[in-house]
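Peer 1: build me a structure from this.
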Amino acid sequence: MTVAWFEAVNADDVDIVGGKAASLGELSSHGLPIPHGFSVRADSYRKFIDESGLGPELFEAVDVDTEDSRALAEAEQQARELILEADWPDGMRTSILAAFDDLEGDPVVAVRSSATAEDLPDASFAGQQDTYLNVGREDLLDKIKQCWASLFTQRAIYYRVEQGFDHETVDIAVVVQRMVDADKSGVMFTSHPSTGEPELTVEAAWGLGEAVVSGAVSPDHYTYDRQQNAVNNVTISTKKVMCVKNESGETVERPVPDEKRDERVLSDEELHSLNDIGELVEEQYDQPQDVEWAICDGDIYLLQSRPITTISDSSDRTDTKTGETADGSLVDGVGASPSSGTGTVRVVGSLDQLDKVKDGDIVVTEMTTPDMVPAMKRAGGLVTDEGGMTSHAAIISRELGVPAVVGCENATSVLTDDQRVTIDGDRGVVRDPTTEPAQDDTSEGAETPSPPTQNRGPKPMTATEIKVNVSIPEAAERAATTGADGVGLLRMEHMVLSTGETPEHYVAQHGEEAFVNSLSDAMRTVADEFYPRPVRVRTLDAPTDEFRQLEGGESEPAEHNPMLGYRGIRRSLDEPATFKLQLEAFKSLYERGYNNIEILLPLVNDAEDVYRAKALMEAVGIDPNKRPWGVMIETPASALSSDAICKAGIDFVSFGTNDLTQYTLAVDRNNSTVAGRYDALHPSVLQLMTDTIETCRSHDVATSICGQAASQPRMIETLVDAGITSMSVNIDAVHDTQQKAKRVEQQHILDSVR
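Peer 2: Numbering: from 1, shown residues only. Predicted structure coming up:
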C-alpha cells in the first residue's frame, strides 16, 4: 500500500505515516476541522530507496563531520542528486496520482514532509524538512521526491546527529493535503511555550502561514487567559509582507496593502474560537500543543499539531512585547527564549558570514533559517528583526537554551559588529550592559538572571538530601544558589571535551601535569562554590564518537552503538595510565584540603570492576577507606550485583536512569521506531532500583539518583518511599523536588501517627 488517507490513521501510526500525518489523522478522527488529504507512507520511501539501490551510496554520503560546513554541503548535494535522478518503482507513481485524483475538483495541495522521527514528545524537528505549497497534479511526483531529498539537507543532517538519530533508521512519509487559500493564518501554543501556564499564545498574519513560520513577517501577538476565557494581551505589529498564491499557483511574497499593515488580524471572537479548538486539541493529546491554523471565508482549519517540547520548570516568565523601553535599551521585541546573557554583536546578513560567529557572540540577523543552527548553537544570544514566538528562531533558541529576542524590526540597522550588549530573553530587550535597566512593577528582577531560588521562600527541610547536577564548572555559581545539599553529579568528560583534544593528545602536547591541573582546576571551581557541601565527580565516561571529534580522535574505534561500547570504567581499566591521571587530579585536591570531593565510577558491571578500580586508587596514593567513593548503577548487571559491590567497600551508589532504562528495556531512546517504549518509570526499572536501595541499606551504603527521571513526581515518591538517601536533579528542578520530597516525607509521618 503506497498511500494512507488521514481518516484511516491515528497517533499510533507515526512509524507508518510520520508525525504530521499521524497528528492530522488523530485530529480528523475526533471531528476537528482539517483539510482533506492523504499520506505517502514511510514504507513507500523505504521501498523507493531499496528498489532503486540507493541505500549504501546514500548513507555513506551523509556520514560526515557535522561541524564541517563544506562536508555538509557536499553531502546534501550528493544525496539530492541520487534521490531526484532515481526511477520510480513500478506501481507507486500510479497509486499516488490515483489518490490525488480522488480529491476531486482539480485541487491544489500542500506537500509536506512527515518524518518518522519528527515532533516526538521530547524533540521537535520543526523546519528540518521541506514543505511545498500550491502544488498541482503535474508537479506532485517531483515535489514528493524533493520532500524525500529534504531528509538530507545540511540542516536536517546536522540536527539529526545533534539529537542522536541514526540516518539509516529515520524514514519519511509525505503529507498531500488540499490547500486552504487562507485570508489569515498563523500558529498557536495551547499553553505558554516556556512555562506551561494555561495561557493561549497566538500569532497571526495576513495570507498563508508560511510567512509566520519562516519568520518573514513579524506577526500580531495575542495572549488569551484560558481560565478567565478572556483576551489578555494584544500586540499589533507592522506586517510588511504576506504569502499568497499567484496566478500560476506558486506561493510568493507580496507587500501587505497599506491599509492592512497596522490593522489587527484577529478579532476577539476569532480568538475565542481558536481557544475552544485549542483546548480540544490539548485535551485530545493530553499535553500542550503547537498548532498551525488558517482561516478561509470565516472557517478555521487546523493544518498540523505537534507537542510543545520547550516548556521548562521555570516560572515568572514574560514573553510579550510591552512597548515599554527600559533605560539603556537599544532595541526591543518579543522575549522568545528565557534567560539573559552579555556578548559581542555579530551582524549576520548572509550564510557565508556565519564563520565570524564565535562562542558566546550575540547573533543579530533579519531572520534565521535552519542552516544557521550550528552558529546558533555557538551563540550566547540571538536577536532578529522579524519573527515571533513561533518562528524558527524562537523555537530553536528555546530548544538550544539560547536567550532570544525576536521581531525587533530594526536590530540589524541599530546594532553593529563588535558592540557589547546584554540580551534579556525574558523581557524582550537588548540593552547597553553599562547602563542599569529600569525597574517596573511587572518585571521585578527581570533585568538580570534570577537565581533559581529567588522569591521561593525558605529551603524546606527534608531527610532526603536534594542535590544538583552540574554539567560544566561555569554553572557552579548559579547551581550553588539553589540551596541544594551538594552536587550529585559533575561530569569529568565535559572538562576533557572542552579542551578540544583527547586525553592522550593533550598529554602528548602539554604534558601529564598540565592535564592533571586542567581537571583539578575545573573540579576546584565547583568545590569552592559548594564547600563544605559534597561534590560528587564522575570519572571519564565519554563515548568514542565524542572523542573522535577531538584532536587526536582519528584513532578512536568506529562503533555501531558507542553507548554500548568502549566507555566508562571499562575503558578506564583498559587504559590505566589515563585513569591514573584522573585520579591524580582528585589526589591533588585532597592534598589541598578539599575534603568535600567524592569519586564516582561510571558504568560498572560487577564487583570485579570495582576491586580493579579500587586498586588503581590505592596505587596513586588515595586511601579508599578515608576518601568517599562510589559507583554508578546503570546496568541490570550492576543492580543485580549490588550486594557484592557493596562488600567491595564503596560508600555510595548512584542510579543513572537514562542508561539503566535503556539497558533494562532494550530500548534506544534515540531510535524513533522504539522511543515510545522508553519509560524510566517502568515497573522493572523501579524494581531494580528499590531492590538495590534495600540491599545498600543493609550494608549502610548511601543511595542516590542523578538521571533525568529524578525530578519526576512519581519517581521521587517511589524512591523516597524506598528510603533513598539523596536525589540529584537539574538546576531548575531543585526547588520543586525539595517540595515534593517534603510532602512525601510528611505523609509518612502522618501515616505513622495514624
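Peer 1: mind listing the strands in the stretch 151-300 of the chain by residue range?
Peer 2: Per DSSP state E, counting those that start in this stretch, the stretch 151-300 of the chain carries strands over the ranges 172-178, 184-189, 199-206, 220-225, 230-235, 241-245, 251-255, 289-296, 299-307.
Peer 1: now for the third one, which elements pack on it?
Peer 2: Looking back up the chat, that one is strand 199-206. Taking 3 or more Cβ pairs under 8 Å, 6 or more residues apart in numbering; DSSP states H and E as contact, the helices and strands that strand 199-206 lies on are strand 184-189, helix 210-214, strand 220-225, helix 268-285. No exception for glycine: its C-beta is placed from N, CA and C like everyone else's.
Peer 1: over to the fifth one?
Peer 2: Helices and strands touching strand 230-235, as assessed by 3+ Cβ pairs under 8 Å, 6+ apart, comprise strand 220-225.
Peer 1: show me how far the strand it packs on is from its chain's centre.
Peer 2: Relative to the centre of its chain, strand 220-225 is centred 25 Å away, using Cα atoms, centre = their mean, to the nearest Å.
Peer 1: do the same with stretch 10-29
Peer 2: The answer for stretch 10-29 is 22 Å, by Cα atoms, centre = their mean.
Peer 1: in it, what's buried?
Peer 2: 10, 13-28 (16 or more other Cβ atoms under 10 Å).
Peer 1: what of stretch 673-688?
Peer 2: For stretch 673-688, by 16+ other Cβ under 10 Å, it's 673, 675, 678-680, 685-686, 688.
Peer 1: run a quick neighbour tally on V174.
Peer 2: 33 (other Cβ atoms under 10 Å).
Peer 1: can I assume W5 is in contact with F38?
Peer 2: Yes - using Cβ atoms under 8 Å, W5 is in contact with F38, at 4.6 Å.
Peer 1: where do the helices sit along the stretch 301-450 of the chain?
Peer 2: Applying DSSP state H, counting those that start in this stretch to the stretch 301-450 of the chain gives helices spanning 373-378, 392-400, 411-414.
Peer 1: mean pLDDT lowest where, among these?
Peer 2: Of all the helices of the stretch 301-450 of the chain, mean pLDDT reaches its minimum on helix 392-400 (a mean of 69).
Peer 1: and G656, how close does it get to P602?
Peer 2: 8 Å (Cβ to Cβ, to the nearest Å).
Peer 1: list the residues that contact both of the two?
Peer 2: The contact sets of G656 and P602 overlap at 632, 634 (Cβ atoms under 8 Å, 6 or more residues apart in numbering).
Peer 1: and the helices in the stretch 551-700 of the chain, which stretches?
Peer 2: Counting by DSSP H, counting those that start in this stretch, the helices of the stretch 551-700 of the chain are 568-574, 576-591, 607-619, 636-640, 642-647, 657-665, 683-698.
Peer 1: returning to that earlier point: among the strands of the stretch 151-300 of the chain, which is nearest L550?
Peer 2: Among those, the nearest to L550 by Cβ to Cβ is strand 172-178 (32.2 Å).
Peer 1: now the stretch 401-550 of the chain, which segments are flagged as low pLDDT?
Peer 2: 401, 436-459, 474 (pLDDT under 70).
Peer 1: how about a cut-off of 50?
Peer 2: For the stretch 401-550 of the chain, applying pLDDT under 50 flags the ranges 438-457.
Peer 1: from V701, how far off is I172?
Peer 2: Distance from I172 to V701, by Cβ to Cβ: 49 Å.
Peer 1: S350 now?
Peer 2: The gap separating S350 from V701 is 59 Å, by Cβ to Cβ.
Peer 1: looking at the buried residues of stretch 10-29, which are in helices?
Peer 2: With DSSP state H as the criterion, helices contain 14-28 from among the buried residues of stretch 10-29.
Peer 1: what's the closest non-adjacent residue to T578?
Peer 2: P503 (4.9 Å; Cβ to Cβ, 6 or more residues apart in numbering).
Peer 1: residues in contact with that neighbour?
Peer 2: 496, 515, 540, 578, 581.
Peer 1: find me the pLDDT at the last one, would you?
Peer 2: Looking at L581, its pLDDT stands at 97.
Peer 1: spit out the contact partners of it.
Peer 2: Contacts of L581 (Cβ under 8 Å, 6+ apart): 503, 507, 512, 515-516, 519.
Peer 1: list just the nearest of those residues to V430.
Peer 2: L519 (37.2 Å).
Peer 1: ok, that closest one to P288 distance?
Peer 2: 42 Å.
Peer 1: and those two? Which one has more around it.
Peer 2: Neighbour totals were compared for L519 and P288, and L519 leads with 25 against 22 (other Cβ under 10 Å).
Peer 1: with distance to V734 and pLDDT added, can I get the buried residues of stretch 673-688 in a markdown table?
Peer 2: Shown next, in a markdown table, are those (distance: Cβ to Cβ, whole Å; pLDDT from 0 to 100):
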| residue | distance to V734 | pLDDT |
| --- | --- | --- |
| T673 | 35 | 73 |
| A675 | 28 | 70 |
| Y678 | 25 | 81 |
| D679 | 24 | 87 |
| A680 | 19 | 88 |
| V685 | 23 | 94 |
| L686 | 23 | 94 |
| L688 | 26 | 96 |
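Peer 1: between S350 and V701, which one's more packed in?
Peer 2: More neighbours surround V701 than the other of S350 and V701, with 22 against 8 (other Cβ under 10 Å).
Peer 1: please report how far V405 lies from N625.
Peer 2: 55 Å.
Peer 1: picking up where we left off before, how about the strands of the stretch 151-300 of the chain in TSV, adding distance to G341?
Peer 2: Listed next are the strands of the stretch 151-300 of the chain as TSV, based on distance: least, Cβ to Cβ, whole Å:
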stretch	distance to G341
strand 172-178	36
strand 184-189	24
strand 199-206	23
strand 220-225	23
strand 230-235	24
strand 241-245	30
strand 251-255	33
strand 289-296	25
strand 299-307	27
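Peer 1: for the chain, what helix or strand is lowest in average pLDDT?
Peer 2: helix 392-400 (a mean of 69; mean pLDDT, DSSP states H and E).
Peer 1: nearest to T342 among the contacts of L581?
Peer 2: For the contacts of L581, the nearest to T342 is L519 (28.2 Å; Cβ to Cβ).
Peer 1: tell me where the model's unsure across the stretch 251-400 of the chain.
Peer 2: Flagging of the stretch 251-400 of the chain using pLDDT under 50 yields the residue ranges 313-327.
Peer 1: so for the helix or strand encompassing E60, what gets flagged as buried?
Peer 2: Assigned by DSSP states H and E, E60 belongs to helix 55-61. Across helix 55-61, burial judged by 16+ other Cβ under 10 Å covers 58, 61.
Peer 1: thinking again about what came up before, who has more neighbours out of W5 and F38?
Peer 2: Using other Cβ under 10 Å, the more surrounded residue of W5 and F38 is F38, with 27 against 16.
Peer 1: outside of the helix or strand harbouring that one itself, list whatever touches it.
Peer 2: Using DSSP H and E, the element containing F38 is strand 37-40. For strand 37-40, the external contacting residues (Cβ under 8 Å, 6+ apart) are 2-6, 9, 17-18, 21, 24, 96, 99, 103, 109, 114, 144, 173-178.
Peer 1: what average pLDDT does it get?
Peer 2: Mean predicted confidence for strand 37-40 is 93.
Peer 1: stretch 589-609 now?
Peer 2: pLDDT averaged over stretch 589-609 gives 94.
Peer 1: hmm, S305 and I34 touching each other?
Peer 2: No - at 9.3 Å, I34 does not count as touching S305 under the criterion of Cβ under 8 Å.
Peer 1: higher neighbour count, these two?
Peer 2: A direct count of neighbours by other Cβ under 10 Å for I34 and S305 places S305 higher, at 26 against 22.
Peer 1: give me the distance from stretch 229-238 to the chain's centre.
Peer 2: Using Cα atoms, centre = their mean, the offset of stretch 229-238 from its chain centre is 29 Å.
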